[in-house]
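*Asks:* I would like to see how this sequence folds:
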Amino acid sequence: MSEYIEGKRPVIEALRSDMPIASVLVADNLQRDGLVKDILRKAKAQGIAVKFVPRGQLDGKSERGSHQGVIAQTAAFPYARLGDVLKRAQAQFDDKGRALIVMLDHITDAGNLGAIARSAEVVGAAGLVLPNKRSARVTASTYKSSAGAIASIPVAQVANLKQTLERCKEEGFWVVGASEKAPRGIWEANFEGRIVLVMGGEGEGLARLTQETCDFLVALPQEGKTASLNVAQAATAFMYEWLRQNRPD
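*Replies:* Down below sits the predicted model:
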């Protein structure tokens, strides 16, 4: 599903982040200042079509009325297949003796998805796995919060998380669920080798069936009064513990 990005600077940011852009619409009476020239230059370099249209056409597509004479229409995000993520993970395990897949159990905020993708890419995860329903999808907000990292890591959508976790187990992965109610802390857990890290949704955490399919649940240590971390912050902490435990001797 495509969406529209409005305004000169947001469009420039989208072009810089390698977001899939189908076309850029420019008001035919727009003065070509430095920002507009930069947009036209970047679009040409990336082979993106630029269409000069009446300003009224942009007004009709604008949701916020702040297009400044420029709107970019995004292209569909190229989701990977689960098999692609598993193949990449196996290659990483064969090379370094470690592999990480991050599965998101109905996380609905596109910004959180982007922040998790950024951390996953930084630690060298093989990919992300999302449900194809009742879950965030990759949007312009995801690209922004991931600082473009979402373009560098495979993201797969699946119909059934439980079946997907069972398949991962068959491929040799241990499935670790993150839960603040878990009896075991992250420092006592074994994150070595091939791991699927499952993060629950912002409101309710891990679903019951997901918890039951995990090999074990782990929690982050907590000393303060705040109930819990944001899911993206928590995911980052878990991912770095995986990286720490799998560092070369």
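*Asks:* can you name the element that comes right after the helix or strand bottoming out on mean pLDDT in the chain?
*Replies:* Every helix and strand in the chain was compared by mean pLDDT, DSSP states H and E; the lowest is helix 140-145, with a mean of 84. Note on helix 140-145: by DSSP states H and E, the next helix or strand toward the C-terminus is strand 155-158.
*Asks:* who does that following strand touch, helix- and strand-wise?
*Replies:* Helices and strands touching strand 155-158, by 3 or more CB pairs under 8 Å, 6 or more residues apart in numbering; DSSP states H and E, are helix 82-96, strand 127-131. No exception for glycine: its C-beta is placed from N, CA and C like everyone else's.
*Asks:* before we move on, the earlier item: next one: the least confident helix or strand of the chain to chain centre, how far?
*Replies:* Distance, stretch centre to chain centre, for helix 140-145: 9 Å (CA atoms, centre = their mean, to the nearest Å).
*Asks:* rewinding a little: so for residue 61, which of the helices and strands packed on strand 155-158 sits nearest?
*Replies:* Within these, the stretch nearest residue 61 is strand 127-131; the backing value is 27.6 Å (CB to CB).
*Asks:* note down every partner strand of that closest one and its orientation.
*Replies:* Applying DSSP bridges to the sheet, strand 127-131 is found paired with strand 99-105 (parallel), strand 155-158 (parallel).
*Asks:* and the contacts of stretch 72-82?
*Replies:* 1-5, 10-11, 14-15, 19-25, 127, 129, 137-140, 154-158, 164, 167 (CB atoms under 8 Å, 6 or more residues apart in numbering).
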